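Peer 1: Requesting a structural model of the entry that follows:
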Amino acid sequence: MAKQSNALVSDLRNSLNKQAKHTIAYDLHGENPTEVKTWIPTGSTVLDLVISNRKSGGIPVGKITTIAGESQSGKSLIATQILSNAQKMGGIAIYIDTENASDPGWMVNLGLSTDKDFLYLQTQTLEDTFQAIENVIGNVRQKAPDRLVCIVWDSVAATPARAEVEGSYDPNSQIGVSARVIARGLRKITEMIGQQKIALVLTNQLKTNIGQMFGDSRVEPGGKGLPYQASARVWLTRHTGKANGIITNEQGQLIGYRTSAQIVKNRFGPPNRTCEFDVLFDLANNKVGIDDEASWLKVVAGSDNCPRSGAWYTLKYADGEEKKFQKTDYPRLIQDEKFRTRILDILHSELIIGYDQGVEKDVSAK
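Peer 2: Below you'll find the predicted structure:
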């Protein structure tokens, strides 16, 4: 009976594809457009893991990812590091800057090459931006269909609709026009992105919905199109703990912020997972970008394989060997291959949730 059913489904699939004159019906066990084959690292390993729920994760190619956050939470910095990592994977980095706030020197400090495999665009309206994205997709399809492309749009909130540019300053004259343009544009390009090796990252602001009394009052401007079409949504906020997330050096100078990331939507793993990492801009000591390795210890410390007692940590290797160390020793020890490999193994076991194990795990990485 099962063989007959499989044969019927196979015939149905072939018939539908023949009628459509292109492939619309797939066997999900074979080549299919919904499978994510490539992931671009964000610069934060813990963020990569809580988004993708797999090793060597990051943001998905062929899908839309949104990164919304408060001011100075690291939105543009993470987006730039994603572009840099796309270049390192042999891809083309495209930066659409509608905020007119990019600094080429800062981009280079974050590892982005502005000399090769890089295109900078300044579009004026939402319509212009969507048309530029569509043109990029069309050119890639014709000239380099297998080339990885990462497009960052920074930011959605700062991009007006054409009707807003041409209209008056009356805030009530164009209510909802941006949301309608965004929803229409995303519907048009979502499938086009999925059929190409293109990752689309949209940055956005995180605002407070004034008047909302219950539930989370934070909201992304731009209507409902973004939340519906995005496969992964990341919200960034400044850490509210000690010193309000401000990181200073010994001289008291501001050199960074501690950022909290929440995955509010995820089609690749559990949603609402959180993680923390430090965003640094200490140019004097060449510490710029996400302090990735420091965030590993925060996750690993206190686990069964790395218990903590006071100021001392004990790393347990798989062969039974143990390594005692303090936090001040960590920057040096993490450069040792054996130590680093073991830390990463524990990090993966703590953050990658196996659905077939039947065991609930903590979905935060704090």
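Peer 1: what's in contact with stretch 129-136?
Peer 2: For stretch 129-136, contacts defined as C-beta atoms under 8 Å, 6 or more residues apart in numbering pick out 94, 96, 98, 121, 123, 149, 151, 153, 159, 181, 185, 188-189, 192, 198, 200. From N, CA and C alone the C-beta is placed, and that goes for glycine too.
Peer 1: In contact with the residue lying closest to residue 210 once chain neighbours are set aside, which residues?
Peer 2: Beyond its immediate neighbours in the sequence, the residue positioned closest to residue 210 (C-beta to C-beta, 6 or more residues apart in numbering) is residue 217, lying 7.9 Å away. The contact partners of residue 217, taken as C-beta under 8 Å, 6+ apart, are 208, 209, 210.
Peer 1: cool, and residue 67?
Peer 2: Shown here is residue 67, whose contacts under the criterion C-beta under 8 Å, 6+ apart are 75, 78, 79, 201, 202, 203, 204, 234, 236.
Peer 1: Quick check: residue 264 is in a helix.
Peer 2: No. Assessed by DSSP: H, G, I helix; E, B strand; the rest coil, residue 264 does not belong to a helix; its assignment is strand.
Peer 1: Let me see the contact set for it.
Peer 2: For residue 264, the contacting residues are 233, 234, 235, 271, 272, by C-beta under 8 Å, 6+ apart.
Peer 1: If you rank every helix and strand of the chain by mean pLDDT, what lands last?
Peer 2: Taking mean pLDDT, DSSP states H and E as the measure, strand 364-365 is the helix or strand of the chain with the lowest mean score, a mean of 54.
Peer 1: Please, where are all the helices along the protein?
Peer 2: Remark: helices assigned in the chain by DSSP state H are 2-20, 45-52, 75-88, 104-109, 126-143, 162-166, 177-194, 225-229, 292-300, 330-333, 337-351.
Peer 1: Relative to the whole chain's centre, how far out is the third one?
Peer 2: Centroid separation for helix 75-88 versus its chain: 10 Å, with C-alpha atoms, centre = their mean, to the nearest Å.
Peer 1: How about the longest one?
Peer 2: If you compare the mean C-alpha spot of helix 2-20 with that of the full chain, they lie 37 Å apart, counting by C-alpha atoms, centre = their mean.
Peer 1: Mind listing what's buried along it?
Peer 2: With burial defined by 16 or more other C-beta atoms under 10 Å, not one residue of helix 2-20 is counted as buried.
Peer 1: Can you name the residues in contact with that helix?
Peer 2: Helix 2-20 is contacted by residues 23, 24, 25, 26, 27 when judged by C-beta under 8 Å, 6+ apart.
Peer 1: Mind giving me the PyMOL command for buried ones among those residues?
Peer 2: Only the buried members of these end up in this PyMOL selection, burial being decided by 16+ other C-beta under 10 Å:
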select buried, resi 25
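Peer 1: got the contacts of helix 2-20 as CSV, with distance to residue 321 columns?
Peer 2: Compiled in CSV, the contacts of helix 2-20 are given as follows (distance: C-beta to C-beta, whole Å):
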residue, distance to residue 321
23, 53
24, 55
25, 54
26, 48
27, 47
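Peer 1: any chance of the contacts of helix 2-20 in a markdown table, with distance to residue 258 and pLDDT too?
Peer 2: Listed next are those as a markdown table, based on distance: C-beta to C-beta, whole Å; pLDDT from 0 to 100:
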| residue | distance to residue 258 | pLDDT |
| --- | --- | --- |
| 23 | 47 | 84 |
| 24 | 47 | 84 |
| 25 | 48 | 86 |
| 26 | 43 | 85 |
| 27 | 46 | 83 |
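Peer 1: Spatially, which two of the contacts of helix 2-20 are the most separated?
Peer 2: Greatest spatial distance in the contacts of helix 2-20: 24 and 27, 12.5 Å, computed using C-beta to C-beta.
Peer 1: remind me which residues of the chain are low pLDDT?
Peer 2: When the per-residue scores of the chain are filtered using pLDDT under 70, the ranges that remain are 1-5, 171-173, 241-243, 355-366.
Peer 1: Grab the most central residue of it for me.
Peer 2: With distances taken as C-alpha atoms, centre = their mean, the chain has residue 59 as the residue nearest its mean C-alpha position (4.5 Å).
Peer 1: and the contacts of residue 264, which are buried?
Peer 2: For the contacts of residue 264, a neighbour count by 16+ other C-beta under 10 Å gives the buried set as 233, 234, 235.
Peer 1: about what we covered before: of the contacts of residue 67, closest to residue 222?
Peer 2: residue 204 (6.5 Å).
Peer 1: Count the neighbours of the closest one for me.
Peer 2: Each residue near residue 204 was counted by other C-beta atoms under 10 Å, and the total is 24.
Peer 1: Verify the stated contact: it with residue 227.
Peer 2: No. When contacts are counted by C-beta atoms under 8 Å, residue 204 is not listed as touching residue 227 (10.3 Å).
Peer 1: Residues that sit against both of these two, list them.
Peer 2: Counting by C-beta under 8 Å, 6+ apart, the contacts common to residue 204 and residue 227 are 66, 220.
Peer 1: hmm, back to that, ok, now which ones touch the residue lying closest to the residue nearest to the centre of the chain once chain neighbours are set aside?
Peer 2: The spatial neighbour of residue 59 that comes closest, neighbours along the chain excluded (C-beta to C-beta, 6+ apart), is residue 65 at 4.5 Å. By C-beta under 8 Å, 6+ apart, the contact set of residue 65 is 59, 199, 200, 201, 202, 230, 231, 232, 233, 234.
Peer 1: Okay then, goodbye and thanks.
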